[in-house]
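Trainee: Provide a 3D model corresponding to the input given below.
(one chain, ligands or ions: 5)
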Amino acid sequence: MKTCDVDFAIVFPPTRYTLDNDLLTTEQRQFYEENGFLVIKNLVSHKDIDEFREVFEKVCKKELTAPGMVVMRDVAIAKSEYVPDQKAITKVQDFQELPGLFRYCSLPQILKYVECFIGPNIMSMHTMLINKPPDAGKKTSRHPMHQDLHYFPFRPADRIVCAWTAMERIDRSNGCLVVLPGTHKGELKQHDYPEWEGGVNKMYHGVRDYDPNIPRVHLTMEKGDTVFFHPILIHGSGMNKTAGFRKAISCHYASSDCDYIDVKGTTQENIEKEVIELALKRYGLESEIALKDAWMAKGRVVQGERNNL
Ligand SMILES: CCCCCCCCCCCCCCCCC(=O)SCCNC(=O)CCNC(=O)[C@H](O)C(C)(C)COP(=O)(O)OP(=O)(O)OC[C@H]1O[C@@H](n2cnc3c(N)ncnc32)[C@H](O)[C@@H]1OP(=O)(O)O
Ligand SMILES: Nc1ncnc2c1ncn2[C@@H]1O[C@H](COP(=O)(O)OP(=O)(O)OP(=O)(O)O)[C@@H](O)[C@H]1O
Ligand SMILES: O=C(O)CCC(=O)C(=O)O
Ligand SMILES: [Fe+2]
Ligand SMILES: [Mg+2]
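Mentor: Numbering: from 1, shown residues only. Ligands and ions are numbered 1, 2, ... in the order given. Presented below is the predicted three-dimensional model:
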């Protein structure tokens, strides 16, 4: 005799990377389970994106600033003569105190998806606006293949997700995201600076070795398209061969039910050391206690309640 349980098991294979929800179709849910990423077309309006772009331009012109925000130039530009041009900026990080950009992290249509992956208590932990410059000829505009979890001292990984929105059409010509589907099922790997002749941006660590036989998937995205991806998914981005600055905005979210971990004795020790050195140089912060405090200070509740993080 056939039982209900048997039918159920056939229709719904076990899920680990997504939670029960009313938003994702069965196909979308299975796609994320299998591949570790999911692209949602046209999720952010052009009007919102144009606003974020205007705010970013004001940041470049130093008409706007905010506590904690990091403005970073491309290594090729930083190491050449200093050009005081807004176009020299490759990335703005930690804009949680700048409402005009942070609004991105609270967009309800994004949070609805985020909840499917990490549950209802949602914190933004890391924010970026990436302005990939035209490559100066040394391929430094590339971002090496990496796993974002390398940078995060909290777990479990399955309750962390990144939302990354294209602020214009992004394809192989201007350096789109490149992902290795299914690698989210693996472990966090050892990361180091890649041995690139032309140099590499500060803290752009890459996976030391990954299976070169795993097919790369280049994500071509239109303005407003948003990809959600797991922090163990191996990904990177190619060189920008165009004359324009390729823009994307992103937020890493974690469930506030996650816990901080001590990365001592793990592969994450090398990045922790760099971050501590930087924190010391910048803010005079010293211990790893201070490092955890820094994450606690930049994390923001965007939905639900704040528990552990
Ligand atoms: C404290 C809380 C936790 C913070 C966590 C931060 C870690 C990142 C977490 C990321 C998690 C997200 C998930 C994955 C993300 C992957 C990444 O993108 S990781 C890369 C993130 N990068 C950074 O966080 C770097 C932040 N930027 C900086 O610290 C600074 O901008 C700087 C690169 C140190 C430059 O400092 P600045 O003072 O602005 O610049 P100068 O005074 O002109 O230069 C000083 C010195 O640094 C050289 N330099 C400048 N820019 C670069 C560059 N892009 N790359 C390498 N080196 C650079 C410059 O040439 C000077 O060197 P010199 O030898 O002294 O001449
Ligand atoms: N020779 C390489 N060594 C290590 N990583 C690389 C190398 N070439 C590309 N990558 C990385 O692989 C990812 C995708 O690069 P990809 O080859 O798709 O782009 P590209 O080389 O910039 O452009 P394209 O191959 O389309 O001409 C990026 O993360 C990039 O940093
Ligand atoms: O090139 C990009 O926009 C993505 C970079 C990236 O993966 C990151 O900053 O973690
Ligand atoms: Fe990344
Ligand atoms: Mg290539």
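Trainee: what about the helices in the stretch 1-150 of the chain?
Mentor: If DSSP state H, counting those that start in this stretch is used as the criterion, the helices of the stretch 1-150 of the chain fall at 4-11, 26-35, 46-60, 75-78, 99-102, 108-118.
Trainee: same check, this time on the stretch 201-309 of the chain
Mentor: Under DSSP H, counting those that start in this stretch, the stretch 201-309 of the chain gives helices at 269-283, 288-298.
Trainee: which one of these has the lowest average pLDDT?
Mentor: Looking at those, the lowest mean pLDDT belongs to helix 288-298 (a mean of 82).
Trainee: other SSEs contacting that helix?
Mentor: Here helix 288-298 touches strand 122-132, helix 269-283, going by 3 or more C-beta pairs under 8 Å, 6 or more residues apart in numbering; DSSP states H and E. No exception for glycine: its C-beta is placed from N, CA and C like everyone else's.
Trainee: quick one: closest of those to Asp50.
Mentor: Nearest of the helices and strands packed on helix 288-298 to Asp50, taken as C-beta to C-beta: strand 122-132 at 13.6 Å.
Trainee: up against ligand 3, what does the stretch 201-309 of the chain have?
Mentor: Residues of the stretch 201-309 of the chain lying close to ligand 3 (C-beta under 6 Å from any ligand atom) are 235, 237, 248.
Trainee: 5 Å - rerun?
Mentor: Residues of the stretch 201-309 of the chain found near ligand 3 (C-beta under 5 Å from any ligand atom) are 237, 248.
Trainee: low pLDDT regions in this protein?
Mentor: For the chain, the stretches with pLDDT under 70 are 1-12, 77-87, 285-290.
Trainee: and for the residue nearest to Ile276 when sequence neighbours are not counted, the neighbour number?
Mentor: Sequence neighbours aside, Leu291 is the residue nearest to Ile276 in space, at 6.1 Å (criterion: C-beta to C-beta, 6 or more residues apart in numbering). Neighbourhood size, Leu291 [other C-beta atoms under 10 Å]: 18.
Trainee: okay, the helices of the stretch 1-150 of the chain in JSON lines with distance to ligand 3 next?
Mentor: Listed next are those as JSON lines, based on distance: least, C-beta to the nearest ligand atom, whole Å:
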{"stretch": "helix 4-11", "distance to ligand 3": "35"}
{"stretch": "helix 26-35", "distance to ligand 3": "16"}
{"stretch": "helix 46-60", "distance to ligand 3": "14"}
{"stretch": "helix 75-78", "distance to ligand 3": "14"}
{"stretch": "helix 99-102", "distance to ligand 3": "15"}
{"stretch": "helix 108-118", "distance to ligand 3": "17"}
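Trainee: ok, now how distant is the residue in the chain that ligand 3 sits nearest to from Glu63?
Mentor: Per C-beta to the nearest ligand atom, Ser237 is where the chain lies closest to ligand 3, at 3.3 Å. The gap separating Ser237 from Glu63 is 28 Å, by C-beta to C-beta, to the nearest Å.
Trainee: name the residues linked to Ala248 by a beta bridge.
Mentor: Counting by DSSP bridges, Ala248 forms beta bridges with Ile130, Ala166.
Trainee: I'd guessed it sits against Met167; true?
Mentor: Yes: with contacts counted by C-beta atoms under 8 Å, Ala248 reaches Met167, the gap being 5.8 Å.
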